[in-house]
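K.L.:
Got a predicted structure plus its sequence, pasted below:
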Amino acid sequence: MAAADSPSAALRRRDLCSRGIRLAGKMRSDVIDLLDTYVEQQGLDASASVAAVEGVPAAAAERWDEQTGPQRLLENLAAYRAFRALLAQMLEEQREQLGEADAAVGRALAAILLQVSAFAYHLEELLRLESRGVPSEEGAAPPPPPHLSLFERKLRGLGVLRELAQWAVRSARDLRQLAKPSPGSGAAPSPAESP
């Protein structure tokens, strides 16, 4: 029996998935709160349409139900690594234009950046548990930010935060799927799980 299929590995996977779902929920809640503050502080319209931002992975997935657990984890990891770099860029830009009113946005961005980093580490733990190698981050950095006007940077930030909120939803969904017992794993439910 492979390590990823052992009862203790299944329990560990369920525990990691459960914690990951809670982390994703908290992150989404914090990102939604930040979005409200960001839109207000940056003087943007909450309903503004934002074009796809280069370097921001889309949370929507074709044939989501056909993906394997490891594929889901790898896509999530790639997305959160990209978000980590993008949020660091946003935080740097925020510090460059920092004013009294922007201090709260800067603190909230820093907090979200920490959550994204922690979530990426959490995904790496799950990949190791699944007996998958964790891909290196070499070449994973998004392209250098193009020279954008202040308004374009604000819109780019809005796009990053919106997509991050969508990824938090997708991640929770992916982790719920991964937490389900593998078909044919032969793992019987524990007495506490039996009806």
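P.N.:
It's in. Note that this is a predicted model, so its numbers are computed, not measured. Numbering: from 1, shown residues only.
K.L.:
rest of the way, CA atoms for contacts and neighbours
P.N.:
Fine.
K.L.:
Could you identify the helix or strand that succeeds the helix or strand where residue 122 lies?
P.N.:
For residue 122, the element it lies in under DSSP states H and E is helix 103-129. Per DSSP H and E, the first helix or strand lying C-terminal to helix 103-129 is helix 150-179.
K.L.:
related to what we said a few turns ago, hey, what's the angle from the helix holding residue 122 to helix 150-179? Just curious.
P.N.:
30 degrees (axes from the mean of the first three to the mean of the last three Cα atoms, to 10 degrees).
K.L.:
Can you name the residues that contact the closest residue to residue 155 other than its chain neighbours?
P.N.:
Nearest residue to residue 155, sequence neighbours excluded (Cα to Cα, 6 or more residues apart in numbering): residue 50, at 6.5 Å. Taking Cα atoms under 8 Å, 6 or more residues apart in numbering, we find residue 50 in contact with 155, 156, 158, 159.
K.L.:
cool, and residue 132?
P.N.:
By Cα under 8 Å, 6+ apart, residue 132 lies in contact with residue 70.
K.L.:
Now do it, the pLDDT please.
P.N.:
Residue 132 carries a pLDDT value of 70.
K.L.:
So it versus residue 13, what's the distance?
P.N.:
Between residue 132 and residue 13 the computed distance is 13 Å (Cα to Cα, to the nearest Å).
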